[in-house]
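# turn this into a structure:
(chains A and B)
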Amino acid sequence: MSVGFVKFPTMISGSRSTPPSGRVRAPREWRSRKLVIETGAESSARKQRSVVRVVPPVRPRKLAKVPFLELADGRLQGVVSSGSDIRRVYVSSIAAGSHDRSCSTNNNRPCGGLGYGMCKHLQALVKEATVQYGAERVARYLGVELADDDRPGTFPADRLGGRRVSAPAAPVFSRFLHHLAYLDRPAVTAPIPELHWFPATGEARP
Amino acid sequence: MTGSMPGPAGLLGAAPHGIGEALDLVDGFDDALVHGLARLGEDRAAAPVALAAALAATPLGERAREAAEKIAAGSVAGDHLDALAAARAALLGAVHDALLAELDRALERERAAWEEPHATGEAADPFAGSRSWLHELAITGWRGVGHDLLSASAPVLDALWADPDLRRLAVLLDGLAAELRACSPITTADLVPARRWADLWTRALLLARPGGAAAPPAGEVSGRLLILCADVHEHPTAVQVQVHGVLEEPGGARPRLVRASVSAAKVETITGPAVWQLLGDFPVLLGALAGHVSLEIDGMPMLAGGDLLWREDRARPGEAADPFVTARLALPAALAPPTPPLERHPARIAEPVLLEGYTTSRDGDAVTFHLAGADLPVAVDRLPACGPVTPELVAASSACLGLLRWDGGWSIQPTGVQATVRRKPVTAHTGDWALGPAGVKAAKARAAGSDAVAVLKERAGRLLRS
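Numbering: from 1, shown residues only, chains lettered A, B, ... in the order given. From the prediction side, this is the model:
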């Protein structure tokens, strides 16, 4: 019924053809990767149905460590709680394509842990993004090729190159505050009939 | 369904006369919106003209014809777009009416006639910004939507969200904007959900007229509310639970089908069973869903379309009430509510129905009910993650309470099932977890982020006010 997404086992294009020796290659069908593709019947459904899924689903995740993250402005970016100070948060990001990394407090003080590799905030950001969006969607957005021998569902953060840069934290932080403001809105009891176009689905089923 | 009992099997023959033709006209117009009304070639300019011509005999006809001709000639003004949106809505309204009449005939369901509530004077117009954004969308076309047009939605949305009275348009436009963002940039290779986006655009434009959204209550009702089912709607920033039930008023009045809706703003990461926590202001309604009890309501305001404007202080829990018993005993005689004129659209049809005596089959993700002589597809992607009804349970079910839907064909959205799993009877309803999930699966659900609301509210409290 009215499904815009087609599930099928496939690979993201350009994956390595020969697995490194000594490792067992997982059968393709274990990977359950999702891509947006259209077959003939699906395409007319997508055009002529009122109710199709357009925004890819997200999975619920624990929010304490990384309360906010998004794939936006050409970056995977988000807000990561400080491990030591409950009032402090870090704004961390990885740019699509270049994979340049940035991490600073919301007051633009650089993160001490960001050297040649990833700091723990960036590691947490990548890990939670993988839960929320799935490894494939994160990889596709950042322009990273998943290899056949990557563990299904994990994102190869160790293969990211890129330089250490200082991206401005304020816009991300303000989007986070804008995001939180939704939870301050009062509930209402007047019916919203337009939400019949937006059924709750089973994709976040535990 | 057995023998002479009315049921949806009667729906599953040919679609009512004229629906295909009407939808072809709609598709033509929707295709024009994909490319933008400012740049219609000769072929596409014919589509709005044909849409308008279909309404020639109606009061809208003259305005729609003029608008379509102006647009074909390359001059697009806001008024013209409003007229064409009204024409498209009228055509789909007629499709809705034909489908609902067919449904009522098959189910032998009687429906009250629409009575226009008394208007309450001139409405304010806080919508000018929304209208110009929507006009701009139509002129540009879905394929032309870029960063500038997407960013232009932000101030419009902020203004709408700030006022709870404008919530309906805020929720609709936020949902549309999120989809446009998710698809941007739209290339020529991408298939655009043309019907859907044109639906949302049309509804938004009609709502963004002064007085388009607000309707005064038709009166107050009292009595016993027996719950049939809960229908959950969700997009990244909103969730709504719509409860369908039978209202038995004192004094021997005919019982009627009513709905109660509660909705909250949310963020994308709060999804699955956690959405119930966003509706913590409604413990009486949610308690009745989870506990399967009736509700005694007293002086509850109700809209002319059968929607209760829920007030917790006017409801209290009653006695135990099994939704399946309600569906067997109270639903057949209940009077169904009319659809408010501007809400008439096939996608708005959600008619409670009880199915029994069917067999099921499963093919991959698809589940089908085989009724006497007819097959009814199950809308499995309308089984929400916030409840215990799964495709597996539906496939194993012997009785199903649900909502009949139409989207190019009829389907059933299950909201409650009686099934046999490992030789044990199991009953599950979508609203069972309204007060928090129970059981092993529920523990998993909690671990997977049901604390999300509390965590984010704590962060919000710290950061928004510091």
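# show me the strands in chain A, by range?
A:6-7, A:34-35, A:68-72, A:75-81, A:89-95, A:101-105 (DSSP state E).
# which positions in the stretch 51-200 of chain B make contact with chain A?
B:161, B:164, B:167-168, B:171-172, B:175, B:178-179, B:182-183, B:191-196, B:199-200 (C-beta under 8 Å from any C-beta of the partner chain). The C-beta positions use only the backbone N, C-alpha and C, and glycine is treated the same way.
# could you chop the chain up by domain?
I'll assume chain A. Split into domains by automatic domain parsing, chain A comes to A:6-48, A:68-182.
# my bad, chain B
If you go by automatic domain parsing, chain B breaks into B:19-112+B:124-207, B:216-466.
# need those in CSV with mean pLDDT, mean neighbour count and distance to A:Gly161, can you?
Formatted as CSV, those follow (pLDDT from 0 to 100; neighbours: other C-beta atoms under 10 Å in any protein chain shown; distance: least, C-beta to C-beta, whole Å):
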stretch, mean pLDDT, mean neighbour count, distance to A:Gly161
domain B:19-112+B:124-207, 93, 19, 26
domain B:216-466, 92, 20, 29
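# need the winner for burial among the strands of chain A.
strand A:89-95 (a mean of 26; mean count of other C-beta atoms under 10 Å in any protein chain shown).
# what angle separates the longest helix along chain A from strand A:75-81?
Criterion DSSP state H: the longest helix present in chain A is helix A:120-133. Helix A:120-133 runs at 110 degrees relative to strand A:75-81, counting by axes from the mean of the first three to the mean of the last three C-alpha atoms, to 10 degrees.
# picking up where we left off before, next step: the residues of the stretch 51-200 of chain B next to chain A restricted to helices.
B:161, B:167-168, B:171-172, B:175, B:178-179, B:182-183, B:194-196, B:199-200.
# if we can go back for a sec, distance to A:Trp197 added to the domains of chain B, as TSV?
Output for the domains of chain B, formatted as TSV (distance: least, C-beta to C-beta, whole Å):
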stretch	distance to A:Trp197
domain B:19-112+B:124-207	6
domain B:216-466	6
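# relative to A:Ser92, which of those domains is closest?
A:Ser92 lies closest to domain B:216-466 among the domains of chain B, at 15.7 Å (C-beta to C-beta).
# for the stretch 151-300 of chain B, which segments count as helices?
Taking DSSP state H, counting those that start in this stretch as the test, the helices found in the stretch 151-300 of chain B are B:153-161, B:167-183, B:194-207, B:283-291.
# gap between the second one and the chain center?
Read that as helix B:167-183. Relative to its chain's centre, helix B:167-183 lies at 15 Å (C-alpha atoms, centre = their mean, to the nearest Å).
# ok, now how distant is B:Ala152 from chain A?
To chain A, B:Ala152 is 16 Å away according to C-beta to the nearest C-beta, to the nearest Å.
# nearest spatial neighbour of that residue, skipping sequence neighbours?
Nearest residue to B:Ala152 in three dimensions, chain neighbours excluded: B:Trp133, at 6.0 Å (C-beta to C-beta, 6 or more residues apart in numbering or on different chains).
# export the helix or strand where B:Ala64 lies as PDB, just CAs?
Per DSSP states H and E: B:Ala64 is located in helix B:61-72. Provided in PDB are the C-alpha atoms of helix B:61-72 (Å, rounded to 0.1, in the frame of the first residue of the first chain):
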ATOM      1  CA  GLY B  61     -17.200  27.900 -12.800                       C
ATOM      2  CA  GLU B  62     -16.900  31.500 -14.000                       C
ATOM      3  CA  ARG B  63     -14.000  32.500 -11.700                       C
ATOM      4  CA  ALA B  64     -12.200  29.200 -12.400                       C
ATOM      5  CA  ARG B  65     -12.500  29.700 -16.200                       C
ATOM      6  CA  GLU B  66     -11.200  33.200 -16.000                       C
ATOM      7  CA  ALA B  67      -8.300  32.200 -13.800                       C
ATOM      8  CA  ALA B  68      -7.300  29.300 -16.100                       C
ATOM      9  CA  GLU B  69      -7.400  31.500 -19.200                       C
ATOM     10  CA  LYS B  70      -5.300  34.200 -17.500                       C
ATOM     11  CA  ILE B  71      -2.700  31.600 -16.500                       C
ATOM     12  CA  ALA B  72      -2.700  30.100 -19.900                       C
END
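# which element follows that helix toward the C-terminus?
helix B:78-107.
# now do that next one and helix B:194-207, the angle between them.
Using the same axes, to 10 degrees: helix B:78-107 against helix B:194-207 is 110 degrees.
# which elements pack onto helix B:78-107?
helix B:19-35, helix B:42-53, helix B:61-72, helix B:128-140, helix B:194-207, strand B:351-356 (3 or more C-beta pairs under 8 Å, 6 or more residues apart in numbering or on different chains; DSSP states H and E).
# what does whichever helix or strand comes after the shortest one contact?
Towards the C-terminus, the helix or strand next in line after strand B:351-356, according to DSSP H and E, is strand B:359-363. Where contact means C-beta atoms under 8 Å, 6 or more residues apart in numbering or on different chains, the residues beyond strand B:359-363 that reach it are B:Val367, B:Thr368, B:Phe369, B:His370, B:Pro391, B:Val394, B:Ala395, B:Ala396, B:Ser397.
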